[in-house]
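Undergrad: here are the coordinates; sequence isn't available:
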């Protein structure tokens, strides 16, 4: 599967690779992504691929070059396969990806290019004008999740996690010991003041008793 759109979503499948370039988001199935990576490792650039496919002069030569420059790595290596379409394709990123998507349902890019020319000619390669969005894309977006919604959900969850961590954070033992010591000092001072008060009161009583006895 190859999907291209300006919509940013989170695919429901973990086997989808997400690429981004110039405001477009590209969603490639892991298998297609791996095929593109292997083709780059094997053939290095699109010019060699065009020679390998023995395309010669074709209607979409300008489009192939444009897609190779504008599409993200490693999707750009599939540009020569656009020349397999017998129709003139529009210079539109979504339209080109729609054609490549249709091709990916009928051929294996890596295996196709390794076959002899006689066998390649017998292989049925689909890919229309690319003006309509494939039905598979509609199903893909229906099964995916809006990016903003997913980000907001995880952000809210992180905030709750941080709040819980702060509430259950253990107290600073050093600060606790300092406060405890300060409390003991206050208690000792209060005790001393109380004892002084008792002593002064006893002395006053003794003086009053002596005065009474002298009368």
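TA: Received it, and whenever you're ready, just let me know what you need. Note that the coordinates shown come from a computational prediction; the quantities given were computed from them, not determined experimentally.
Undergrad: just the pLDDT at the closest residue to residue 12 other than its chain neighbours, thanks.
TA: Using Cβ to Cβ, 6 or more residues apart in numbering and skipping the chain neighbours, the partner closest in space to residue 12 is residue 143 (4.5 Å). For glycine as for every other residue, the C-beta is placed from the backbone atoms N, C-alpha and C. For residue 143, the pLDDT comes out at 93.
Undergrad: how near is residue 143 to residue 38?
TA: Residue 143 is 28 Å from residue 38, where distance means Cβ to Cβ, to the nearest Å.
Undergrad: please report the distance of the residue nearest to residue 12 from residue 9.
TA: 9 Å.
Undergrad: next: residue 28.
TA: 14 Å.
Undergrad: quick one on the thing from earlier: neighbour count winner among residue 143 and residue 38?
TA: The neighbour comparison of residue 143 against residue 38 (other Cβ atoms under 10 Å) goes to residue 38, with 14 against 11.
Undergrad: helices and strands around whichever strand or helix holds the more buried one, which ones?
TA: Using DSSP states H and E, residue 38 maps to helix 30-43. Under the contact definition 3 or more Cβ pairs under 8 Å, 6 or more residues apart in numbering; DSSP states H and E, helix 30-43 sits against strand 16-21, helix 46-53, helix 109-114.
Undergrad: what is the least confident helix or strand in the protein?
TA: Ranked by mean pLDDT, DSSP states H and E, the weakest helix or strand in the chain is helix 173-214, scoring a mean of 51.
Undergrad: quick one: average pLDDT of stretch 42-58?
TA: On average, the pLDDT along stretch 42-58 is 79.
Undergrad: for it, which outside residues touch it?
TA: The contact list for stretch 42-58 (Cβ atoms under 8 Å, 6 or more residues apart in numbering) reads 39, 64-65, 68, 76-77, 79-81, 83-84, 113, 117, 120.
Undergrad: which one of these is nearest residue 139?
TA: residue 81 (23.2 Å; Cβ to Cβ).
Undergrad: number of nearby residues for the closest one?
TA: Neighbour count for residue 81, taken as other Cβ under 10 Å: 27.
Undergrad: just residue 12 next, same as before
TA: By the criterion of other Cβ under 10 Å, residue 12 has 11 neighbours.
Undergrad: now pLDDT and distance to residue 33 too, for the contacts of stretch 42-58, in a markdown table please.
TA: Output for the contacts of stretch 42-58, formatted as a markdown table (pLDDT from 0 to 100; distance: Cβ to Cβ, whole Å):
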| residue | pLDDT | distance to residue 33 |
| --- | --- | --- |
| 39 | 93 | 11 |
| 64 | 92 | 20 |
| 65 | 92 | 22 |
| 68 | 94 | 17 |
| 76 | 96 | 12 |
| 77 | 95 | 11 |
| 79 | 93 | 16 |
| 80 | 91 | 17 |
| 81 | 91 | 15 |
| 83 | 86 | 21 |
| 84 | 84 | 20 |
| 113 | 84 | 16 |
| 117 | 77 | 27 |
| 120 | 75 | 23 |
